[in-house]
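**Q** sequence and predicted model, in that order:
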Amino acid sequence: MSSTAKEVRYEKGDYSVIGSRKPYVDAIDKVTGKTVYVTDMTLPGMLHGKALRSPHAHAKVLNIDTSAAEKLPGVKCVLTGKNVQQNKWGPVTKDEYLLAVDKVNFVGDEVAAVAAVDEETCEEALSLIKVEYEPLPAVLSMHDAMKEGAPLIHEAFPGNVNHHFNIPRGDIEEVFRNAYFVHEGEYEASLEYQAYIEPMGGISTWDNRGNVTIYAGIQTPTWSRNDYAVALDIPVEKVRIVQPPFGGGFGAKLSQQVHPLGALIAKYAKQPVRFCLDRLEDFQCGLPRVPMHFKLKTAWSKEGKYLAKQVKIIADQGAYASYGAAITLTAMYRIDIMYQVPVVHSESHLVYTNKVPTGCFRGFGNSQKHFAHETHLDEVAERLSIAPDDLRLRNIAVPGYMNPHGWKANSVEVEACIKKGMERSDFHEKRKNFLVLNKEDNPIKKGIGMAPCVHVSGNRSFIKPFEGGAVLLRMNEQGKVFVYCNEPDMGQGIRTTLTMCVSDALKMDFEHISVPDPDTDIVPFGLGCFASRGTYMATGAMHMAVADMKNKLIKLASELLELPESDLELKDGAVVSTSNPSKSAGYPELAWKHVCDNPGQHLLGIGYFTPAGVDYPDDKKYNNISGGYAFGCHVAEVEVNTETGQVKVSKMWGIHDVGQPINELALEGQIQGGIAQGYGWTLMEHLRHGPDGKIINACFLDYQVPTAADIPEIHAEVVDSFEWTTGFGAKSIGEACFIGTAPAIQNAIYNAIGIRFNELPITAEKILSALGEKKKGGEGHA
Amino acid sequence: MQHKELCFKVNGREQHLLVRTNWTLAQVLREQLGLLGTKIGCGEGECGACTVLMNGKSVTSCLVMAVQAEGAEIITIEGLAEGETLHPVQEAFVEAGAIQCGYCTPGMVISTVALLEKHPTPNDEQIREGLTGNLCRCTGYQKIFEAVNIASKKMAGGEKE
Amino acid sequence: MHNISYHAPCKLSDAVSLLLELEGSRILAGGTDLIAKWKKSHFFDMTLVDIRNIPELSVIEEVEEGLFIGAGVTMDRVSEDERILSKFPILAEAASKVGSVQVRNLATIGGNACNAAPSADTVLPLMVYGAEAVIAAKEGERRVALREFFIGPGKTVLKKGDVLKGFVIPNPPANSFAYFVKHSRRPGMDLATVGVAVLLVLESEKTADIKVILGAVGPTPIFVKGLDIFFGGKIDPDFVTRIAEHCANAASPITDVRGSKTYREAMIKRSVALCFRNHTR
């Protein structure tokens, strides 16, 4: 089914609520402690579940003795991989059991599970399970995974390679041969943990017909049913997922072992089971960011025209593949829609290691690539003696740009983002001043750096015949509107976004609009919250749904008031005559009329949205993957203490092209929060494995995320933009706001001390050591 | 499993409970008193989601054994609002957009109440210092800082018209 | 696992008796270290003697030699007490840098010492000021110089039945100056990568006495020896470099998640230098 048939061009509407600043509709419940999160929930008759985890990075499981645990009072059941019905599962590659069979592949891999009356009894039961392991040699570095003689982790994947992608576009060697300047560099992005404040978890309950309901902290309730059905070896229609409020996801809470494993325990316990991770477990198996090594080679003309880009990636997916393949693909070429580069070649190897499985995290591989690429471009700018912003602007995408992968950008305001970023931060003036200032005998060196960024608003790569979103509006007999949608809220505020759209289009107040928690038995089909799709897809569908409901309301009012439809408009929760405003019918009145005229039937507004000009990639990964490319520019100003190596980011600017903003308050919050996480990734955060494969910093004291004391002042702003493929004109922000931060800080540090750190995180130690080397006369590279 | 009687005051009400000696204050508040607003983010005193006021001071209730609260006066997030009227700090958090997923919010609000008690008109450094024990992964703290300033003004009566 | 027997005596002598009578019993003070450790170590069984009801453990009072600070005094009180601020400012400063507000509201100065973590913040100023630990035992009270208190990581001279009652800190000599540097990866909610406390006595612009304590760079806090070679000197850049070097040589740092051996060595020098530079500034 092709969606490219017709050209779509929406115009900016006359909005009053859209584009304003609204506190979240669920904020009062959250601020009073009334919101019940997944891990707060209990069900009648509920037991607790816990998993026994492998202490070995790689080992054969020879024997499991559960007899003592089974005898412990309070224990309902003890499960191992061999006494349950399960399948290997995974969102892309089916390579992971819920409970290990024969072999464990990372420290934290689940080998057994228990259900008991409380968590204490679970823990005691786990301590009574005796597992006999035969440790195997482990692969603990992605650079060793493909080496000859490396231990094999999965039989089905020789050389530990899960995926090898190769996407050539044009004759790149020819360009390299003839180019004025060719630049090469290597970069490495590290393992970052999402560190949402509520750990993962779910509560599962089965009925007698074999249907399971999982109350889950999950970003993809409908879509993950497919994965979980495979894992549990049941038909997908038997899986229902309800998504209560949950405490942050940032990509980690897509399909995840914790939900189906909890369901499995509940199945054998024959009672509802709460299966929630503690923080240590969450660190051990929470699907952190895929680490990647990049080799970049680019070709340039003397004037700074970007002629060709070659990237070779090794990506570390840990013990199980999760979304690794899609993430690596994104890292290979997503950025190619921001620059006009005619010839590009991307190659990658996604490898298994005996470490924590890695997955989605804000940027989906694109962040890793931006770190490498935008560092690389700064290096090029310096070699070509062109200002960093200027080099980018000379090659920047423009509206309508079609890249070598067949992707077409619609609205593009990245140039405005860069220019505003430069202006707001006083970039060039500061660069001049710092050059003078840094010559003084002062241990503090100042620098300023920038990096533009791009991301999608939905990425059409997941289901061949499907892309888009749906909204179902239901007006009950009191005139209250319920919004059913599969683009869930995980704190980013989509619930408020949808409420604002309904309020604006149907001219009604927030009091009478409700967005219930998604329940897959009720909401329309949809992919869920990832790929920055929520706002674009949901408001796209909402535009149609509100129009549908508006038409129906006017038709009803026309009948009731005996006035022509053309004379009627919506105002203050009523349909009002334009010629005689004293004649009007309130929504409750109309809703009741509808329920009586069509006995019992609520008034429905139905909307769906297919992004125009977007198609599933062909076997050469060609075709436009998104209808709304979102852009931005991040600028960082830093002070490097050359005595300690410590970096203080004094200020950051995030300027974004998000299309039409819906909720400016939430938008600023997203930008500030994204930059804060990017700041952590760049300077502080690194989940580290010891030589035995155990994570050595699995707590918040050792794995440090930014606190209130660290965080720089962050200026958030959007540029004027409207994405014409969607009714309200909104694109996205969720990931773009993270992506530019690391390279901006890196480039600022270089500006301050003349040293680049091409491996994240840029710690004080690395800086101090590199400064020492530089003093000794070494290269300006680390 | 040993038990002990615990008499303490929670949100202004006397409570007499039989508690497990191995339970933390956070567990008793949540599981025996149903005060689920006190969140458990790490269970190790490192994230601050479980912050409550104990005898007027902010503490991480996951590091306080319930039995240690004997005779104490505890205020949780549920104890801040007066009826339908939100505490000025709560109002400020809502207005400033300082809440995203909201899981850190109860602890952050309690810490802000404690901070403003000590420094009614805090400077930037005092705000940052006062909230260092509360991790937020969504907001980047900027709007939380704004909320603290708004609350400070509200509590000084500056916003009353 | 998970069995806790809990006692909260009101008298110091009762605490001593309980600790002697109950097999495997241990003292619970603020609990910030103990409870976290208990949770991280599979909820081992504990017999707890909570000392918070014992009045003399939570007093701060002036005594003949100087100041007595009870072992149960919390960090927030240490950081704000006027007497401590005026006489022993770097002790207040060190206390204000422990963990977070919530931690400081619970954690006690006695607990900080009894845990015997090499990185303990308040131990450094206490040692540099020459504090003595006052220990209650069945046989009666005894005093141990804090410099003799630590045996190894997590190990002190305290024996079964001993209760650390508090510290007596002698009044600092006239014309003395104290400096404290906590070098950590981030400004708050962190353990020290390197800690330094310096007490400097001057006589007509020249150094008459210098004491330096280093934290987090050895199995116990380190009292730097051999500093008498710097007595009678003038604090100039050369002096600062030499004494920083001397102190770094006294340390035996290890590599851990907070920092490598090499980085720690560099930060000892820098932190010691900073103390002296702060003086000349």
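**A** Perfect, thanks for sending it. Computed from a predicted structure; not experimentally measured.
**Q** domain map for chain B?
**A** B:3-79, B:88-155 (automatic domain parsing).
**Q** so which of those domains gets nearest chain A?
**A** Chain A sits nearest to domain B:3-79 of all the domains of chain B, at 1.9 Å, using C-beta to the nearest C-beta. In short, each C-beta sits where N, CA and C put it, glycine included.
**Q** for the closest residue to chain B within the stretch 301-450 of chain A, which non-adjacent residue is spatially closest?
**A** As assessed by C-beta to the nearest C-beta, chain B sits closest to A:Arg362 within the stretch 301-450 of chain A, at 10.7 Å. With C-beta to C-beta, 6 or more residues apart in numbering or on different chains as the criterion, A:Arg362 has its nearest non-adjacent residue at 4.2 Å, and that residue is A:Phe738.
**Q** buried sites along stretch C:173-184?
**A** Within stretch C:173-184, the residues that count as buried by 16 or more other C-beta atoms under 10 Å in any protein chain shown are C:Phe177, C:Ala178, C:Tyr179, C:Phe180, C:Val181, C:Lys182, C:His183, C:Ser184.
**Q** chain A next: which of those are close?
**A** Among the buried residues of stretch C:173-184, proximity to chain A is found for C:His183 (C-beta under 8 Å from any C-beta of the partner chain).
**Q** quick check, the helix or strand containing A:Lys555 touching chain B?
**A** Taking DSSP states H and E as the definition, one finds A:Lys555 inside helix A:534-561. No. Judged by C-beta under 8 Å from any C-beta, helix A:534-561 stays clear of chain B, getting no closer than 13.5 Å.
**Q** now do the SS call for the residue nearest to the spatial centre of chain B.
**A** Residue closest to the average C-alpha location in chain B (C-alpha atoms, centre = their mean): B:Ile110, at 2.8 Å. Three-state call for B:Ile110 (DSSP: H, G, I helix; E, B strand; the rest coil): helix.
**Q** surely it is in contact with B:Met54?
**A** No. With contact defined as C-beta atoms under 8 Å, B:Ile110 does not reach B:Met54; the gap is 10.4 Å.
**Q** quick revisit: next one: the helix holding A:Lys555 to chain centre, how far?
**A** In this view, helix A:534-561 has its centroid 30 Å away from the chain centroid, taken as C-alpha atoms, centre = their mean, to the nearest Å.
**Q** which residues in the stretch 1-150 of chain C form strands?
**A** Using DSSP state E, counting those that start in this stretch, the strands of the stretch 1-150 of chain C run over C:4-7, C:25-28, C:46-50, C:60-62, C:66-70, C:132-137, C:140-145, C:150-152.
**Q** rebuild the ones you listed as a markdown table, extending it with distance to chain A.
**A** A markdown table is the format used below for the strands of the stretch 1-150 of chain C (distance: least, C-beta to the nearest C-beta, whole Å):
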| stretch | distance to chain A |
| --- | --- |
| strand C:4-7 | 11 |
| strand C:25-28 | 19 |
| strand C:46-50 | 14 |
| strand C:60-62 | 28 |
| strand C:66-70 | 26 |
| strand C:132-137 | 27 |
| strand C:140-145 | 30 |
| strand C:150-152 | 22 |
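**Q** what's the closest of those strands to A:Ala57?
**A** Nearest to A:Ala57 among those is strand C:150-152 (30.7 Å), distances taken as C-beta to C-beta.
**Q** what about A:Ser582, how many neighbours?
**A** 6 (other C-beta atoms under 10 Å in any protein chain shown).
**Q** residue contacts, A:Glu765?
**A** Contact analysis of A:Glu765 by C-beta atoms under 8 Å, 6 or more residues apart in numbering or on different chains lists A:Gly645, C:Gly259, C:Ser260, C:Tyr263.
**Q** list buried residues within the residues you listed.
**A** Counted by 16+ other C-beta under 10 Å, the contacts of A:Glu765 give A:Gly645, C:Gly259, C:Tyr263 as buried.
**Q** CSV for those, including secondary structure?
**A** CSV is the format used below for those (three-state DSSP):
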residue, secondary structure
A:Gly645, coil
C:Gly259, strand
C:Tyr263, helix
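**Q** before we move on, back to that, show me what contacts the residue nearest to A:Arg362?
**A** A:Phe738 neighbours (C-beta under 8 Å, 6+ apart): A:Arg362, A:Gly363, A:Ser367, A:Gly674, A:Ile675, A:Gln677, A:Gly678.
**Q** in which helix or strand does A:Asn747 reside?
**A** Under the criterion DSSP H and E, the helix or strand holding A:Asn747 is helix A:741-753.
**Q** what residues of that helix count as buried?
**A** A:741-753.
**Q** many thanks, have a good one.
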